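Trainee: what's the 3D shape of this:
(chains A and B)
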Amino acid sequence: MFSLVFLMLAVGKPWGGVVEHEFPTAYSASDAFFHHAMTEYAKEDGRLKYAAPYSIGGYEGVLDSHPPLPYELAASFSVLTGMETHDTLFMLTVFIYLFAVLAAYLLWRKGSVAVALLALPFALFMLQKRLLPLIYWGYWLLVPGITYMIASLWSLTIFDSKHGPWIMAFLFSAIALSHQPEFVYAGGFFGLFLLYRFYRERKISPAILKKTGVFVLVIGALTFYSLLIFSATFLQTEGYRGAFDFDVARGGYPAFDVPQMGWMGVVALVGVGVFFLMHKKKLQLTGYSFLYSFLLGFLIYLGLGKRAYAQRLFWIIYAAFFIGLALYFVLQFVSKKYRTLIPFVVSIVFILLFSRSLGADIGKNQGIMNEYDWDGLQWIAANLPSDAWVHYLYSDTLIHNAPLYNSEHLAFKVGTNSYIKLIQTGTLQRNFSFGFTDGYIDRIHDRGVFDFCYFDQNLKPRNESFECVDSYIRSARVPLADARKDLCDMEYVYITKQTSQPAFGQYNSLVREVLLSNNWTNEIYSNPLVSLVHNTQPGVECLNV
Amino acid sequence: MSKLVDEGKVMSALFLVVFIVLKIVFHSTSVFTVLKLTLGLFWLFFIPGYFLLYALPSLSLIERSIMSFILGTAFYGAIGYNLGLVGVPFTVQVYVVPVLGVLIGCWFLFRKK
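Mentor: Residues are numbered from 1 along each chain as shown, chains lettered A, B, ... in the order given. The predicted structure is shown next:
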């Protein structure tokens, strides 16, 4: 029942009960489109190894330095079922999100079934409006990272099983292949777990050493290459952040601090008190696991920035056990009979109540893509020469970088602020400032299996004047000549005819009219929203101003 | 053998529950599409995960059911990615990795006996 309600709120309602869509639906920020572009490219490439060239300056053979597991799952599922990657990626992320709660439920049950039943409904508050960006904005590496981290905490309960370390190793590897910070956090807790065992047993038994050895070796084998790429790229810039300005530390995540826990935070605090007062052995692993996870959110005070802040977005899952414990404590005063039945009934009532209130905030969500822009981007992907550069005038939909990767061509989008200044002149200007829509700055290329180099230019120059250097460098920014363009120099111009702010649409249309007044420029694609103009003689004077 | 039959019944019941839940969630989608979706989830993730969990015979049914998906995705993601690195395409991975998971699970089952 919980799973049904969770899925209905997280994906059923936003998708209007439909599982297959013409274009990415409910995608509401650039990150979501970025992950989709990587998945789609992997599917087209047949395997996951290299990054989409149009997301990294046009280079072929640049290794994708993102954690691969979510893309691997979504691309494979798409290949098997024939569903589009934009559907499989979103849907699998939501499913994995649900299983984060269910994994937590298993760990709660290790403490007490009654407490687990009482805690479960509160996990629905992960779908409150403030936290929905976890799904819609595309935090689709973080979500699996958290799921496998919680599952790894559960897996400590099987450490003493004969084959337990093998299963644990797959779960820990999955964290490393989904979102590396959670791998560090889970590893930290595993270390504490071993220390506790050592403290309790006063010796390191050969059995523990053997299990730990198997565990480490399997993880090493499964994650070696991915972590090698990670260490040669993101770790260079995304390691310890030293971020003590908390607005900066949040790093784009939705704000979620202690006050946002509200009354649940107060009840959870009571639950923590009950946990320490009861001091029951059976509750210890569960209690300390979630206390540890909860406290990770405070590592922002040590400068860990958004990698610590991200944990706050899952505080509700971590705190739910203590909320359930507090309620269980109170229910014991009401009746000592029916120790499981009453929590079961209370749980169902809470799930129904919470789903009603949370559901009121969730409606059908198309996201930022629309059928016309999607069709335009797909047309470009299918019809323009692969080395063509496309310049995009202002569009409500395409103000982010990653949606443009669906065109599968290098894209430059006009700078909004500079465009406003052009509009304010009241006349058609010829010089436009563009931003290059690159995905990330590390262009690591494999010359051999373990032999890497880094491309030195952010945008692959058309005259091939770039180098691949041995030591890590951040690629040079796009040259001014490519960022500032004369209107007559652009070969392909993507023009949106209507915008929410009419002035943008009017200026776009003015550009279109002037360009098309020349007999060497053609409109090669058009729909009610989009016009694609091809200048067959770039560089030839095209304005009569 | 009777153990496998019992497990088959559990797996069938789990399949039915997942199918019904997905049909309600995706109520405007055809039965065929939801069936395809459910089959895909079971083939790639639930079944390999379920078999791999034969490594842990003491798990309860609810633990097996939940962890089969989580372990199945972890196993598929980790093995599939590494196979891709050595050139095995998705079109092969989607069959090889689940079968590998099932075979390893059978090995655990066989050893136990």
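Trainee: Sketch out the low-pLDDT regions of the chain for me.
Mentor: Defaulting to chain A. A:241, A:336, A:338, A:475-476, A:544-545 (pLDDT under 70).
Trainee: that's the other chain; I wanted chain B
Mentor: Across chain B, the ranges flagged by pLDDT under 70 are B:1, B:112-113.
Trainee: how about the helices in it?
Mentor: Under the criterion DSSP state H, helices of chain B are mapped to B:2-25, B:31-41, B:47-52, B:61-85, B:90-112.
Trainee: ok, now the stretch 151-300 of chain A?
Mentor: A:164-176, A:180-201, A:206-232, A:234-238, A:246-250, A:262-278, A:281-296 (DSSP state H, counting those that start in this stretch).
Trainee: Which residue does the stretch 401-545 of chain A have closest to chain B?
Mentor: Proximity of the stretch 401-545 of chain A to chain B (C-beta to the nearest C-beta) peaks at A:V449, 9.3 Å away. Every C-beta, even on glycine, is put in place using the N, C-alpha and C of the backbone.
Trainee: Secondary structure element holding that residue?
Mentor: Secondary-structure element containing A:V449, defined by DSSP states H and E: none, the residue being outside all helices and strands.
Trainee: Torsion angles phi and psi at it?
Mentor: With angles defined as degrees, to the nearest 10, A:V449 sits at phi -60, psi -50.
Trainee: Roughly how far does the residue lying closest to A:K211 once chain neighbours are set aside sit from A:E60?
Mentor: Once its chain neighbours are removed from consideration, A:K211 has its nearest residue in A:P165; the separation is 4.4 Å (C-beta to C-beta, 6 or more residues apart in numbering or on different chains). In this structure, A:P165 lies at 40 Å from A:E60, with C-beta to C-beta, to the nearest Å as the measure.
Trainee: more neighbours, these two?
Mentor: Taking other C-beta atoms under 10 Å in any protein chain shown, A:P165 and A:E60 do not tie; A:P165 has more neighbours (25 against 10).
Trainee: Return the residues in contact with the more buried one.
Mentor: A:F159, A:K211, A:T212, A:V214, A:F215, A:V218 (C-beta atoms under 8 Å, 6 or more residues apart in numbering or on different chains).
Trainee: one more time with 6 Å, if that's ok
Mentor: Contacts here follow C-beta atoms under 6 Å, 6 or more residues apart in numbering or on different chains; on that basis A:P165 touches A:K211, A:V214, A:F215.
Trainee: How about A:V113?
Mentor: Contact criterion C-beta under 6 Å, 6+ apart gives A:T340 as the residues in contact with A:V113.
Trainee: With the one 4 residues further on instead?
Mentor: Taking C-beta under 6 Å, 6+ apart as the definition of contact, the neighbours of A:L117 are A:P343, A:F344, A:S347.
Trainee: Name the residues of the helix or strand hosting the first one that come out as buried.
Mentor: Element membership of A:P343, judged by DSSP H and E, is helix A:341-359. By neighbour count, with 16 or more other C-beta atoms under 10 Å in any protein chain shown as the criterion, the buried positions of helix A:341-359 are A:I342, A:P343, A:V346, A:S347, A:F350, A:I351, A:F354, A:S355, A:L358.
Trainee: helix or strand right after that helix?
Mentor: Beyond helix A:341-359 toward the C-terminal end (DSSP H and E), the next one is helix A:371-383.
Trainee: Figure out how far that following helix is from the centre of its chain.
Mentor: Its chain's C-alpha centre lies 24 Å from the corresponding centre of helix A:371-383 when counted by C-alpha atoms, centre = their mean, to the nearest Å.
Trainee: Now that helix: buried residues?
Mentor: In helix A:371-383, the ones that count as buried by 16+ other C-beta under 10 Å are A:Y372, A:D373, A:W374, A:D375, A:G376, A:L377, A:W379, A:I380, A:A381.
Trainee: What's the local residue count around residue 85?
Mentor: As the question left the chain open, I've gone with chain A. Residues near A:T85, counting by other C-beta under 10 Å, number 24.
Trainee: Not quite, go with chain B.
Mentor: 17.
Trainee: How about A:L80?
Mentor: Residues within reach of A:L80, counting by other C-beta under 10 Å, total 21.
Trainee: so what's it up against?
Mentor: By C-beta under 6 Å, 6+ apart, the neighbours of A:L80 are B:G40, B:V94.
Trainee: if we can go back for a sec, out of the helices of the stretch 151-300 of chain A, which one sits most buried?
Mentor: Per-stretch averages of neighbours, counted by mean count of other C-beta atoms under 10 Å in any protein chain shown, single out helix A:164-176 among the helices of the stretch 151-300 of chain A, with a mean of 26.
Trainee: next one: that one to chain centre, how far?
Mentor: Relative to the chain's own centre, helix A:164-176 is displaced by 21 Å; criterion: C-alpha atoms, centre = their mean.
Trainee: Relative to A:V18, how far out is the residue sitting furthest away from the middle of chain B?
Mentor: For chain B, the C-alpha lying farthest from the average C-alpha position belongs to B:S28; by C-alpha atoms, centre = their mean, that distance is 25.9 Å. Here B:S28 is placed at a distance of 5 Å from A:V18 (C-beta to C-beta).
Trainee: Up against chain A, what does chain B have?
Mentor: Selection of chain B residues close to chain A by C-beta under 6 Å from any C-beta of the partner chain yields B:21, B:25-29, B:36, B:40, B:55-56, B:63, B:66, B:69-70, B:73-75, B:77-78, B:80-81, B:84-85, B:89-90, B:94.
Trainee: List only buried entries from these.
Mentor: Buried residues within the residues of chain B next to chain A, counting neighbours by 16+ other C-beta under 10 Å: B:21, B:25-26, B:29, B:36, B:40, B:55-56, B:63, B:66, B:69-70, B:73-75, B:77-78, B:80-81, B:84-85, B:90, B:94.
Trainee: Wait, A:T93 touches A:L142, no?
Mentor: No: counting by C-beta atoms under 6 Å, no contact exists between A:T93 and A:L142, whose distance comes to 9.9 Å.
Trainee: need the contact list for A:Y328.
Mentor: Contact partners of A:Y328, counting by C-beta under 6 Å, 6+ apart, are A:A114, A:V115, A:L118.
Trainee: same thing with A:T85?
Mentor: Neighbours of A:T85 in contact, by C-beta under 6 Å, 6+ apart: A:T39, A:E40, A:K43, A:A74, A:S78.
Trainee: Right, I'll call it a day here.
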